[in-house]
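A.B. asks: Just to be clear, the model below is a prediction. Sequence and coordinates:
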Amino acid sequence: MSTASPTLAPKPRVVWVDVARCLAMFFIMWMHAGAAPGWLGKPVGGAICLFFAMAGYFMPREAGKCAKRALKLGLAWLLWSFISLGLFLLVRPELQWTWDKVFGWGTSSYNVPLWFLRNLTIYQLIIAALAALRVLPRYNWLVLILMISFSWAAEPRQHVGLRFDWMQAVMLGYCLRCVPLETIRTWLSRNALAIISCIIIMHFQRAWHPDMLEHFDIASYGCSLPMESLTYAVLYCMVGIGMERFLPRLSPPLATAGSCMLFTYAAHSLLYAPIYHYKLHGFYDVWIPLAGLIILTTLGTWLTRKCPRTMRLLCAK
């Protein structure tokens, strides 16, 4: 009789969550395409809010595992930084580079999405430290209130700076971990009409009486996490649930693209470089994120099969 311990099967992916990730990633890629319409800023804010909230929701519970995950994110951040630097030195050797631009620490970098990996690494280290001090999860509600207060009171730097307003999205997701995903799915499904009605009313009130809702919008006080960002984050989830239910054939490929989100997020600006070098863009550039999702999902799937260890490093797994 064999005494070998059984191999643990990987956790199954949640289709509607990955579809929501894919939709959010599409809007971010569209924004970075350079010719996107002006209204795209609000869905992109919701996409970033969704990614940070999901990072908090799926964060390990133990402080040690959380710190280990943060170190993996930090390693992925360094790897993508050097990949970006190597690519730019190869195609543009005359470029005057600086370390803050290599690692995305300043107001701009050679790979724009690097600020997300950097912030997420630091946020996760903060939560690991709070968990080790036994502040979390018992006092997670107090930490969330403090994060909101810091964001409200202090005028943040530019969007690539280290700020606490996105930290509260991570904490919000962390606080929601006690609610199973199936419960969230059921609640959003049963209250879809009510949620959509509230969103429509809010937008009409903002259009007709812009001063009425000013005190509800934290962004007016210098924080980049307004109610609208949370609203769009919820909408991504609701659309993901709807597509899983009513479009069962379309949902799996979108979910596959969503499961490669971190790889796509870090690599898409590098894919855009030759497009803009040869001026292959125009109008609203909506074809660029569509093509980019397909190309990077295919590449990520292929690399996962051929170079699994490399992909685990690049995707912080």
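C.D. replies: Arrived safely, thanks for sending. These figures come from a predicted structure and were not determined experimentally.

A.B. asks: quick one: low-confidence ranges for this structure?
C.D. replies: For the chain, the stretches with pLDDT under 70 are 1-11, 106-109, 148-165, 202-226, 276-283.

A.B. asks: Going by neighbour count, which residues in the stretch of helix or strand G41 belongs to are buried?
C.D. replies: Here G41, judged by DSSP states H and E, is contained in helix 41-57. Using 16 or more other Cβ atoms under 10 Å as the test for burial, helix 41-57 gives 42-57. In short, each C-beta sits where N, CA and C put it, glycine included.

A.B. asks: Helix or strand next in line after that helix, which one?
C.D. replies: Counting by DSSP H and E, what follows helix 41-57 is helix 63-91.

A.B. asks: I'd like to know which elements that following helix is packed against.
C.D. replies: If you count contacts as 3 or more Cβ pairs under 8 Å, 6 or more residues apart in numbering; DSSP states H and E, helix 63-91 packs onto helix 99-102, helix 114-132, helix 261-277, helix 308-314.

A.B. asks: Pick the most deeply packed of those helices.
C.D. replies: Scoring the helices and strands packed on helix 63-91 by mean neighbour count under mean count of other Cβ atoms under 10 Å gives helix 114-132 as the most buried, with a mean of 21.

A.B. asks: Skipping its backbone neighbours, what lies nearest the residue positioned nearest the centre of the chain in space?
C.D. replies: In the chain, the residue lying closest to the centroid (Cα atoms, centre = their mean) is F51, at 2.7 Å. The spatially closest residue to F51, leaving aside those adjacent along the chain, is A24, at 6.6 Å (Cβ to Cβ, 6 or more residues apart in numbering).

A.B. asks: now C66
C.D. replies: A128 is the one closest to C66 (Cβ to Cβ, 6+ apart), at 3.9 Å.

A.B. asks: Isn't I83 up against S269?
C.D. replies: No. Look at I83 against S269 with Cβ atoms under 8 Å: they stay out of range, at 11.2 Å.

A.B. asks: quick one: the strands in the stretch 201-317 of the chain?
C.D. replies: Along the stretch 201-317 of the chain, no stretch is classed among the strands by DSSP state E, counting those that start in this stretch.

A.B. asks: Would you quantify the distance from the closest residue to F116 other than its chain neighbours to V143?
C.D. replies: Once flanking residues are discounted, F116 sits nearest to Y265: 6.6 Å by Cβ to Cβ, 6+ apart. Between Y265 and V143 the computed distance is 26 Å (Cβ to Cβ, to the nearest Å).

A.B. asks: joint contacts of I83 and S269?
C.D. replies: N111 (Cβ atoms under 8 Å, 6 or more residues apart in numbering).

A.B. asks: what sits against the residue nearest to F116?
C.D. replies: Here Y265 is in contact with M25, I28, F51, P113, F116 (Cβ under 8 Å, 6+ apart).
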